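Q: I would like to see how this sequence folds:
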Amino acid sequence: MSPTTLPAGLEHGHVTFLGAGPGDPGLLTLRAVEALANADVLVGEHEVLDVVRTHARAGVAELNTDTDPSTGPYPGTGTPQLTVVDGESTAAGVPALRDAAHLVMEAARGGKRVVRAVSGDPGLDAYAAGEMLACAAEGVPFEVVPGVATAVGVPAYAGVPLRDAQGADVRFVDARTASDRCWTEVGASDGTVVVSTTLDSVAAAAGELVAAGRKPDTPMTVTVAGTTTRQRTWAATLGSIAQTLKQAKALPSPEGGRAVIAVVGERSAAAQRDQLSWFENKPLFGWRVLVPRTKEQAVSLSDQLRSYGAVPHEVPTIAVEPPRTPQQMERAVKGLVTGRYEWIAFTSVNAVRAVREKFEEYGLDARAFAGIKVAAVGEQTAKALVAFGVKPDLVPSGEQSAAGLLEDWPPYDPVFDPIDRVFLPRADIATETLVAGLIELGWEVDDVTAYRTVRASPPPADTREAIKGGGFDAVLFTSSSTVRNLVGIAGKPHNVTVIACIGPATAKTAEEHGLRVDVMAPEPSVHKLAEALADFGLKRRAAALAAGDPVTRPSERRPGARRRRSTT
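A: Numbers count the residues shown, from 1 in each chain. Prediction:
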């Protein structure tokens, strides 16, 4: 029976064998993201789940292979399910990875759309081919979505091109299964060899190549945790790699080794790695950066930090709640519909969200803004309005703040403005700058509390300990309230943590709490603040290299570093 011929009952079952790449979620293909979004069941090892799970449908459940057999691997109906295959667990004495084929087939027999996600590329996976044959044998339709192969992607991220202009031969070897004949063949060639191995077996693999004929001074690079922000690469030779790893204290414990990719060869560009190492040379590579904002506000900032190589950790310091008395907001929204206002001014993304929620409550949409001029205090607020279906008429051309908005706001003109009133939905603790400025320009202002900001709940204990114990490399403070609230719910950041503030007022609050301010944004913008931190990291890295010191993160301090005492 061909794979395209389905027996009765399997009309809707389908399996996608999907390559998740070597670890960086950004390396997923567009087709992979599409398949994940439509999956009913996702089968994958734990290291793959962190890469693919964010693209699965909402409401996906996670189950282990040691789930009670009486409940089945995917209980319930109508809800997308996620089946976790843990490479370290066993079921009935059989390695869990070998049970993946059973899980895949059971789900497909039930008419599910299954995504079988594997690290790297399915064509190089040890078990995927057998699972494909099982699908073919039962007539289950399947497709293959290729992924970036680990043996290719990791060297690219390590700054080690595998071929040069002369077109050197490239051989790929899995040291865990390589035979003596295989080592002899790659040892006899002068091409580039890419070896998949473990950290505790690198020296043995180097010895095999030397024994097979490669010179001990042949360049070699070893990369661990490739394409992730934990990536680290060592450059040495076949004869010196063991000593290099020992001096770097990189060898793992006897219980097991960490997977690595080693590249060997005269033409492997190991000597040029200082110039080609684009990933590990990012200004904030590997830095754990605390982003104390609401989760919705932190998204774009976190994306920017990731582009600099950082690992953002979002800790909400405020929670947004409805106003205690909603009547004022209700009257204002009704006035918006009945033509009471000439303008509506949004000062935050939260204000946009509050009005949008009230619109949805009344069955309204963006069409209710017809005939009303809309202002947004900054770019992020403007983006939130566009997502709502509203293009703002006024956004500050200069400073992204209430003061900047007032610089561009037109004075009231009774000839051209039929209505003299502005609707201003905002937080309960907002400053009076915008209200006073609009009144001075001749406008009447309905200053309405659209939402309240309250201190968020404390973060988990491990996060609090990391904050106070120096586990974070930097923290970004975007307002004075984020300083006060973070210290209130989690404690003061350790003195080794780089403190970055969005402006002088925020910096003053940080200093009042006994913190040393290291970085300040050149203008009050969260994106300029992230840029300033990246510039700080770049200069710090350059200074270490110029002094001949190893490049370290701020959290990699000398033993015995202590927290600064508070000055308050």
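
Q: for the protein, what helix or strand is lowest in average pLDDT?
A: When the helices and strands of the chain are compared on mean pLDDT, DSSP states H and E, strand 90-91 comes out lowest with a mean of 36.

Q: any low-confidence regions in the stretch 101-250 of the chain?
A: Within the stretch 101-250 of the chain, the stretches with pLDDT under 70 are 167.

Q: so where do the strands sit in it?
A: Taking DSSP state E, counting those that start in this stretch to define them, one finds strands in the stretch 101-250 of the chain at 113-118, 142-145, 170-174, 192-198, 219-224, 232-237.

Q: any idea which of these is most buried?
A: Stretch with highest mean neighbour count among these: strand 113-118 (a mean of 26; mean count of other Cβ atoms under 10 Å). Using the backbone N, CA and C atoms, a C-beta is placed for each residue, glycine as well.

Q: Pairing partners for that strand, with directions?
A: Here strand 113-118 has these sheet partners by DSSP bridges: strand 14-19 (parallel), strand 41-44 (parallel).

Q: pLDDT on the helix or strand following the longest one, on average?
A: Pointing back at strand 14-19 there. For strand 14-19, the following helix or strand on the C-terminal side (DSSP states H and E) is helix 30-37. The average pLDDT for helix 30-37 rounds to 95.

Q: in helix 30-37, what's buried?
A: 32, 35-36 (16 or more other Cβ atoms under 10 Å).

Q: next one: stretch 151-167
A: Residues 151-162 are the ones in stretch 151-167 that count as buried (16+ other Cβ under 10 Å).

Q: Closest to Ala376 out of these?
A: Tyr157 (38.6 Å; Cβ to Cβ).

Q: Quick check, that closest one in contact with Phe279.
A: Yes - look at Tyr157 against Phe279 with Cβ atoms under 8 Å: they come within range, at 4.5 Å.

Q: intersection of neighbour lists for these two?
A: Here Tyr157 and Phe279 share the contacting residues 227, 231, scored by Cβ atoms under 8 Å, 6 or more residues apart in numbering.

Q: sorry, back to before: please produce TSV containing the buried residues of helix 30-37, extended by distance to Phe369.
A: As requested, these are exported to TSV (distance: Cβ to Cβ, whole Å):
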residue	distance to Phe369
Ala32	38
Ala35	38
Leu36	36
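
Q: Just the closest of those to Arg171, please.
A: For the buried residues of helix 30-37, the nearest to Arg171 is Ala32 (27.8 Å; Cβ to Cβ).

Q: give the contact list for that closest one.
A: 18-20, 52, 55, 145, 147.

Q: give me that answer again for 10 Å
A: Counting by Cβ atoms under 10 Å, 6 or more residues apart in numbering, Ala32 makes contact with 16, 18-21, 51-52, 55, 115, 117, 145-147.

Q: thinking again about what came up before, quick one, which of the strands of the stretch 101-250 of the chain gets closest to Ala259.
A: Between the strands of the stretch 101-250 of the chain, strand 192-198 lies closest to Ala259; by Cβ to Cβ that is 5.8 Å.

Q: what inclination does the closest one have with respect to strand 170-174?
A: If you take axes from the mean of the first three to the mean of the last three Cα atoms, to 10 degrees, strand 192-198 sits at 20 degrees to strand 170-174.

Q: Let me know whether Ala204 touches Ala242 as I believe.
A: Yes - between Ala204 and Ala242 there is a contact under Cβ atoms under 10 Å: 9.1 Å.

Q: Which one's more surrounded, the two?
A: Neighbours per residue, other Cβ atoms under 10 Å: of Ala204 and Ala242, the larger number sits with Ala242, 16 against 12.

Q: The more buried one touches Ala206, doesn't it?
A: Yes - counting by Cβ under 10 Å, Ala206 is a contact partner of Ala242 at 7.0 Å.

Q: quick one: low-confidence ranges for the chain?
A: Looking at the chain by pLDDT under 70, you get 1-12, 58-98, 167, 251-257, 267-272, 294-299, 430, 557-568.

Q: follow-up on the earlier one: for the contacts of Ala32, which two are the farthest from each other?
A: The distance between the two most remote of the contacts of Ala32 (Cβ to Cβ) is 16.5 Å, for His55 and Pro146.

Q: how near is Ala212 to Val173?
A: 11 Å (Cβ to Cβ, to the nearest Å).

Q: any common contacting residues for those two?
A: Common neighbours of Ala212 and Val173 (Cβ under 10 Å, 6+ apart) are 182-183, 185-186.

Q: Hmm, Ser348 is touching Leu385, no?
A: No - applying Cβ under 10 Å, one finds Ser348 not in contact with Leu385, separated by 11.2 Å.

Q: Now do the shared contacts for these two.
A: In contact with both Ser348 and Leu385: Ala376, using Cβ under 10 Å, 6+ apart.

Q: Next, format the contacts of Ala32 as JSON lines and append distance to Asp303.
A: As requested, the contacts of Ala32 are exported to JSON lines (distance: Cβ to Cβ, whole Å):
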{"residue": "Thr16", "distance to Asp303": "27"}
{"residue": "Leu18", "distance to Asp303": "24"}
{"residue": "Gly19", "distance to Asp303": "24"}
{"residue": "Ala20", "distance to Asp303": "20"}
{"residue": "Gly21", "distance to Asp303": "19"}
{"residue": "Val51", "distance to Asp303": "17"}
{"residue": "Val52", "distance to Asp303": "18"}
{"residue": "His55", "distance to Asp303": "16"}
{"residue": "Val115", "distance to Asp303": "25"}
{"residue": "Ala117", "distance to Asp303": "23"}
{"residue": "Val145", "distance to Asp303": "25"}
{"residue": "Pro146", "distance to Asp303": "26"}
{"residue": "Gly147", "distance to Asp303": "22"}
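
Q: Pick the one among these closest to Val311.
A: Nearest to Val311 among the contacts of Ala32, with distances taken as Cβ to Cβ, is Val51, at 14.9 Å.

Q: quick one: the helices in the stretch 1-150 of the chain?
A: 30-37, 46-52, 96-109, 128-138, 150-157 (DSSP state H, counting those that start in this stretch).

Q: Export those to JSON lines and append columns for distance to Pro216.
A: Output for these, formatted as JSON lines (distance: least, Cβ to Cβ, whole Å):
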{"stretch": "helix 30-37", "distance to Pro216": "42"}
{"stretch": "helix 46-52", "distance to Pro216": "34"}
{"stretch": "helix 96-109", "distance to Pro216": "37"}
{"stretch": "helix 128-138", "distance to Pro216": "37"}
{"stretch": "helix 150-157", "distance to Pro216": "22"}
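
Q: how close does Gly389 sit to Ala370?
A: For Gly389, the distance to Ala370 - Cβ to Cβ - is 11 Å.
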